[in-house]
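Student: would you be able to build a 3D model of this:
(chains A and B)
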There are 2 protein chains.
Amino acid sequence: MTDLATELRHVLDGRWAHVREEARTDLSPADFAPPREELTMEEYRARVAEQVQKIAATGHPARGFATEVGGNGDLGGSVTAFEMLGHADLSVMVKAGVHWGLFGGAVANLGTAAHHAEYLPRIIDATLPGCFAMTETGHGSDVQSLGTTATYDPDTDELVVHTPDLRSRKDYIGGAARDGRLAAVFAQLVTGGEGHGVHCVLVPIRDEHGAPVPGVTIGDCGAKAGLAGVDNGRLSFDHVRVPRTNLLNRYGDIDEQGHYTSPIDNPTRRFFTMLGTLVRGRVSVAGAAGSATRTALALAVTYAGHRRQFAPPGADEEVVLLDYRAHQRKLLPALATSYALQLAQNELVSLMHDVQSQGDGADEHRQRELEARAAGIKAVATTHATTTIQMCREACGGAGYLAVNRLPALKADTDVFTTFEGDNTVLLQLVAKGLLTDYRDAFGDLDTLGMVRFGARQLTGVVIERTAARGLVQRLIAAAPGRDSEKGPTDRGWQLDLFEDREKHLLETLARRLRKAGKPGADAFGVFNDAQDHVVEAARAHVDRTVLEAFVAAIDACTDRAAAAMLGTVCDLYALSTIEAHKGWYLEHGRITPARSKQVTAAVNDLCAVLRPHAQTLVDAFGIPREWLGTELLEPVA
Amino acid sequence: MTDLATELRHVLDGRWAHVREEARTDLSPADFAPPREELTMEEYRARVAEQVQKIAATGHPARGFATEVGGNGDLGGSVTAFEMLGHADLSVMVKAGVHWGLFGGAVANLGTAAHHAEYLPRIIDATLPGCFAMTETGHGSDVQSLGTTATYDPDTDELVVHTPDLRSRKDYIGGAARDGRLAAVFAQLVTGGEGHGVHCVLVPIRDEHGAPVPGVTIGDCGAKAGLAGVDNGRLSFDHVRVPRTNLLNRYGDIDEQGHYTSPIDNPTRRFFTMLGTLVRGRVSVAGAAGSATRTALALAVTYAGHRRQFAPPGADEEVVLLDYRAHQRKLLPALATSYALQLAQNELVSLMHDVQSQGDGADEHRQRELEARAAGIKAVATTHATTTIQMCREACGGAGYLAVNRLPALKADTDVFTTFEGDNTVLLQLVAKGLLTDYRDAFGDLDTLGMVRFGARQLTGVVIERTAARGLVQRLIAAAPGRDSEKGPTDRGWQLDLFEDREKHLLETLARRLRKAGKPGADAFGVFNDAQDHVVEAARAHVDRTVLEAFVAAIDACTDRAAAAMLGTVCDLYALSTIEAHKGWYLEHGRITPARSKQVTAAVNDLCAVLRPHAQTLVDAFGIPREWLGTELLEPVA
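Tutor: Residues are numbered from 1 along each chain as shown, chains lettered A, B, ... in the order given. Predicted coordinates for the structure are as follows:
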């Protein structure tokens, strides 16, 4: 690795660089690489279950749990380790994420001391494999409307967990089909005939021999597009009884007299407070999507650097693919975006670590900021993964279609990332809702717009903060030249101004449209629905802006001059290819002139040419051990 | 099926409607549906091989061969039948396409009477399974530079077929790994120390027991992203000897004295003439991509029509997904594009049938037009397939990720379509090259630009004709209102004018850029390469224009008033969503005002709302038998 690649890697590795280094050493491909032989689904599942046990044996999963419950309390390190698992077999990453992240996270965050003492040691060492049973056949995005019930029976002091209909069957549940023993089941809690909204109850689903317990029907989701090593299944409960104390009772409890109590009166607010504690899942998915995307780019860029096709007239030697402008145009803007997203992800993980390390003392405002940021980055990073891995497959032609070259599994395994842990379209609406609280005086309670049910809590102030780079960004914008001045499109202040302006204008015009919904007799849902594409676009513009600001902050913090200069060029390509993608909007709204728009396209081409000689360095800087990339794509054939 | 759906189906079914009807009846899902059980790769391959035998037993494959060689001479019917196979298991479609279309097509089109008599009967009845061995590990797009050699040995009157290095190994060859007996091998033909360019030679690769013949080494490409039932493999030849008469000698022959002769003197022209006869492969892939895309849309639209999520404030019932604007925006423009592409495909198949039915008497000009049209439609239809099937998967959430719901296989199986039978980026350059012959006086011989090697023949006149609808289109454009007049964006003449204007401007400015390459001392390749993104965009604009014109022609020919009106609305959505996608370009070049640009976006939203109640009718009109869609997505769960 060149010095420059090493310096760039330091920047990309960020605050938990030591965890990344540890993973690069410990996650030996011998144990954790994707399978190269043909496996039946059952063999693959068995292999992944074993790999999870190997991870348990390293002791690392303790990082994700607070010290007072037997963990190491290094939440950021835990999420970074999941991100590194994204370079290995993604079935292992998801299976581990379900057990420790989702199931373990539910017990840790929604349970109290007794649950922690009883379950967490066996969760940390993976002797009690668990499931996170939230999604139902009929409800995925709108989990507040789940149909499963948990009804308190005062006669026996038990909760009766029941699946009233097929729509309420738990579906797509990782770990359900084969290995799970205990499930964290989300259900409508009912006491004395009164509903208290969705709560989480621990329900055993298999006995110590692995057989379903009485009353629990387990189905298998069978083959999927990818993630064949994850045993997704279906759970139905026929009046299954568990002790009252199996309710994870941090945010809502039933006392010995059968009375329900909660520290949060409003049921909606209560539910979203619970959900908010589970934000780590989204952060982890965004991270793993980033790892898989970087793996694909490392493969496609390396291949494009030696694969030749077509000799120019009069030349003997054929042209290397990466020397073709069309090929640079495919790979290099995506590479720049991957840099931007990794730096934004690092900021997100850091925020998450700081907020969640404070436990109950966490600042609610910061917690909400974290939730919005996680939703936005997850949506953008997973969409980028799907698009980019697809492009990388195509950029490698027939070779990219062979399983031995990893791209097929990277594509198939990450495909579901855009819709699980929150559908991206729904998540962006959640982000927009957070942003609109700035404008709430203009149109009153957002809940009347039907937006509350898209998963955000009712908010009481400006939620979306400026990023860490705010002061710097303001200085850069202030120093920016006027519109279409002599300074070229690589002026950072000009770029930042355009990103910010787009976000601001989209939000202001959105707020104006939605104001109509507050009028007497208005069809509030109709108004919201007519603006739905606008809502999604505004949220996307917001995320783009925060990602650019994260990039700017990382360059500012980089002390190595050569690395900072290279990052500056990569940032230009990210910013300008993003502006180019939205040039229709900028022109439509008079933000750029046609002449400047053409300059932007020319600048993107120029930046591709400037970065082309450094493309290999830029993917080397991802620090992906070569053994993890072990395919036919890395070396030219003789 | 409603009357309207039936009328629409008549339009979509086109000239070979009877072949489609026959397939709807004959291709029983019991025999041809994708496998629902878990199969090993070997089991899947065996199953597909059996299905090919079942197809052979129907006698239908005779359609694809001329009557004088034992076929029925219904080329258009043959390609339409392949298109229908695209609704069934795509592994079967590809396996059948390799055997009858590519291998059989090579023997029929490149061989002469003796080859036809000896091989075609056994090819038609599939007792002689074949391979089409063109692509090599080192050469896919640039097949003119293949490394395999076929050297004439006058001492024995044989051809010696040899693989000189690993780069020259035949790779990704369908049928090679398991079933193929005889391969049509493309190799550099050498006689008396002189090379004559690439020719095709028949080489046995397995004996009657299925064992590789001496000198032939067979490898297995192993698992792939999709098409698991196709046995793609690798072939290497170690001085394998075959009789001289195994050369398919229609365009180049070796006489008994060992002298090479050809009716075409120029080796490049000769090679591309040979390739041109094989155009049917590209037409078939475009057709199958269309079928797979329509299957995905039928699934996703049907699902979106009953799947509910989130109740508006105060409402009891949740909203159906297809009532959300964001969901309409995903599905309906893609649906409109699928209509447009099917109508353009029908025109292409008809052109192919008419040109190829003339045999040697075919008009060379029309043949070249056919090649260019096939390249363009193949590129656009397969890119649309990849994007749309991905979107449909995501629109179905977790359910879309389950194999039982077909979307995973549709995505994985069609994924390679964008890069096989010609990489789409390369194909669009081929299209552009054809268009640029209009401008050749401006910059001389295109070959000096390095463009010849992208697979087009040197052309001698205006190749890309106006479509069948030309007269009508000119009348509509003439009647179109002026720019941004009172007439709205749904004026057809205005839409046609914008499409045509974009193509024309992109071509003219491209020609101007490339003129520099003709100057003395110019770096011709550099000039071409700098403009490569422009080249691709110009070609794409051309294909978009021909597709719109095909749509307009089909509406004009539709005699049912209700169907014609509905098609008109679908055509508006296709045209305006395409203009919207390029609004940056139109604004940059002063073709539309910002106000008109916003009107276009508003019109796309309005058209989505107008078509939403008819969405199910529009997918029903695809005429896909319900048994072929047999998944969990079709009916709501109780």
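
Student: make it CA atoms for all contacts and neighbour counts henceforth
Tutor: Fine.

Student: my guess is A:H116 meets A:T67, correct?
Tutor: No - the criterion here is CA atoms under 8 Å, and A:H116 misses it with A:T67 at 11.4 Å.

Student: who has more neighbours, those two?
Tutor: A:H116 (20 against 12; other CA atoms under 10 Å in any protein chain shown).

Student: tell me the pLDDT at that one?
Tutor: Looking at A:H116, its pLDDT is 97.

Student: who are the packing partners of the helix or strand where it lies?
Tutor: Element membership of A:H116 [criterion: DSSP states H and E] is helix A:113-124. Packing partners of helix A:113-124 (3 or more CA pairs under 8 Å, 6 or more residues apart in numbering or on different chains; DSSP states H and E): helix A:104-110.

Student: give me every residue in contact with the helix holding A:H116, excluding its own residues.
Tutor: Outside helix A:113-124, the residues that touch it by CA atoms under 8 Å, 6 or more residues apart in numbering or on different chains are A:56, A:61-62, A:69-71, A:99-100, A:104, A:107-108, A:128-130, A:248.

Student: tabulate the CA atom coordinates of that helix in PDB.
Tutor: Output of helix A:113-124 as PDB, limited to C-alpha atoms (Å, rounded to 0.1, in the frame of the first residue of the first chain):
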ATOM      1  CA  ALA A 113     -32.200  -5.300  35.400                       C
ATOM      2  CA  ALA A 114     -33.900  -8.700  35.900                       C
ATOM      3  CA  HIS A 115     -34.000  -9.300  32.200                       C
ATOM      4  CA  HIS A 116     -30.400  -8.100  31.800                       C
ATOM      5  CA  ALA A 117     -29.200 -10.500  34.500                       C
ATOM      6  CA  GLU A 118     -31.200 -13.400  33.300                       C
ATOM      7  CA  TYR A 119     -30.600 -13.200  29.500                       C
ATOM      8  CA  LEU A 120     -27.700 -11.000  28.500                       C
ATOM      9  CA  PRO A 121     -24.900 -13.300  29.600                       C
ATOM     10  CA  ARG A 122     -26.400 -16.100  27.400                       C
ATOM     11  CA  ILE A 123     -27.100 -13.600  24.600                       C
ATOM     12  CA  ILE A 124     -23.500 -12.300  24.700                       C
END
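
Student: from the chain's centre, how far out does that helix sit?
Tutor: 27 Å (CA atoms, centre = their mean, to the nearest Å).

Student: show me what counts as buried in that helix.
Tutor: Across helix A:113-124, burial judged by 16 or more other CA atoms under 10 Å in any protein chain shown covers A:H115, A:H116, A:Y119, A:L120, A:P121, A:I123, A:I124.

Student: would you mind listing what in the stretch 501-638 of chain A touches chain B?
Tutor: A:525, A:529-533, A:582-585, A:587-589, A:593-595, A:597-598, A:637-638 (CA under 8 Å from any CA of the partner chain).

Student: mark which of these are buried, thanks.
Tutor: Buried among these (16+ other CA under 10 Å): A:525, A:529-533, A:582-585, A:587-588, A:593-594, A:597-598.

Student: pick the one among those closest to chain B.
Tutor: For these, the closest approach to chain B (CA to the nearest CA) belongs to A:G584, at 3.6 Å.

Student: packing partners of the helix or strand where the closest one lies?
Tutor: Under the criterion of DSSP H and E, A:G584 resides in helix A:583-588. Secondary-structure packing of helix A:583-588 (3+ CA pairs under 8 Å, 6+ apart): helix A:594-611, helix B:583-588, helix B:594-611.

Student: of all those helices, which one is nearest B:R513?
Tutor: helix A:594-611 (13.9 Å; CA to CA).

Student: the strands in chain A, which residues?
Tutor: Remark: strands assigned in chain A by DSSP state E are A:130-133, A:149-153, A:158-162, A:170-173, A:182-191, A:194-204, A:216-220, A:233-237, A:240-243, A:253-254, A:260-261.

Student: for those strands, give me TSV that also has mean neighbour count and distance to chain B.
Tutor: Shown next, in TSV, are the strands of chain A (neighbours: other CA atoms under 10 Å in any protein chain shown; distance: least, CA to the nearest CA, whole Å):
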stretch	mean neighbour count	distance to chain B
strand A:130-133	29	14
strand A:149-153	24	17
strand A:158-162	23	16
strand A:170-173	28	7
strand A:182-191	24	16
strand A:194-204	23	15
strand A:216-220	18	11
strand A:233-237	23	11
strand A:240-243	20	21
strand A:253-254	18	27
strand A:260-261	16	26
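
Student: now tabulate the ones you listed in a markdown table and tack on mean pLDDT.
Tutor: As requested, these are exported to a markdown table (pLDDT from 0 to 100):
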| stretch | mean pLDDT |
| --- | --- |
| strand A:130-133 | 98 |
| strand A:149-153 | 98 |
| strand A:158-162 | 98 |
| strand A:170-173 | 98 |
| strand A:182-191 | 98 |
| strand A:194-204 | 98 |
| strand A:216-220 | 98 |
| strand A:233-237 | 98 |
| strand A:240-243 | 98 |
| strand A:253-254 | 98 |
| strand A:260-261 | 98 |
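
Student: distance to B:L322 for the ones you listed - can I get that in a markdown table?
Tutor: Shown next, in a markdown table, are the strands of chain A (distance: least, CA to CA, whole Å):
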| stretch | distance to B:L322 |
| --- | --- |
| strand A:130-133 | 27 |
| strand A:149-153 | 29 |
| strand A:158-162 | 31 |
| strand A:170-173 | 22 |
| strand A:182-191 | 27 |
| strand A:194-204 | 27 |
| strand A:216-220 | 29 |
| strand A:233-237 | 26 |
| strand A:240-243 | 36 |
| strand A:253-254 | 39 |
| strand A:260-261 | 39 |
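
Student: A:S145: neighbouring residues, count only.
Tutor: A:S145 has 21 nearby residues by other CA under 10 Å.

Student: before we move on, what about A:D354?
Tutor: 17.

Student: so what's the gap between stretch A:555-571 and the chain middle?
Tutor: 26 Å.

Student: pull the residues that contact that stretch.
Tutor: Residues contacting stretch A:555-571 (CA under 8 Å, 6+ apart): A:L4, A:E7, A:L8, A:V11, A:A336, A:Y339, A:A340, A:L548, A:F551, A:V552, A:L607, A:L611.

Student: likewise for stretch A:176-183?
Tutor: A:49, A:103, A:128-133, A:202-208, A:210, A:218-221, A:231-235.

Student: could you redo the last one with a cut-off of 6 Å?
Tutor: Residues from elsewhere that reach stretch A:176-183 (CA atoms under 6 Å, 6 or more residues apart in numbering or on different chains): A:129-132, A:202-206, A:220, A:231-233.

Student: could I get those residues as JSON lines with distance to B:A288?
Tutor: Below are these laid out as JSON lines (distance: CA to CA, whole Å):
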{"residue": "A:P129", "distance to B:A288": "44"}
{"residue": "A:G130", "distance to B:A288": "43"}
{"residue": "A:C131", "distance to B:A288": "41"}
{"residue": "A:F132", "distance to B:A288": "40"}
{"residue": "A:L202", "distance to B:A288": "49"}
{"residue": "A:V203", "distance to B:A288": "48"}
{"residue": "A:P204", "distance to B:A288": "48"}
{"residue": "A:I205", "distance to B:A288": "45"}
{"residue": "A:R206", "distance to B:A288": "46"}
{"residue": "A:D220", "distance to B:A288": "32"}
{"residue": "A:D231", "distance to B:A288": "33"}
{"residue": "A:N232", "distance to B:A288": "32"}
{"residue": "A:G233", "distance to B:A288": "33"}
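
Student: what's the farthest-apart pair in the residues you listed?
Tutor: A:L202 and A:D220 (20.6 Å).

Student: pull the contacting residues for A:E7.
Tutor: Contacts of A:E7 by CA under 6 Å, 6+ apart: none found.

Student: let's see 8 Å
Tutor: A:D560, A:A563, A:A621.
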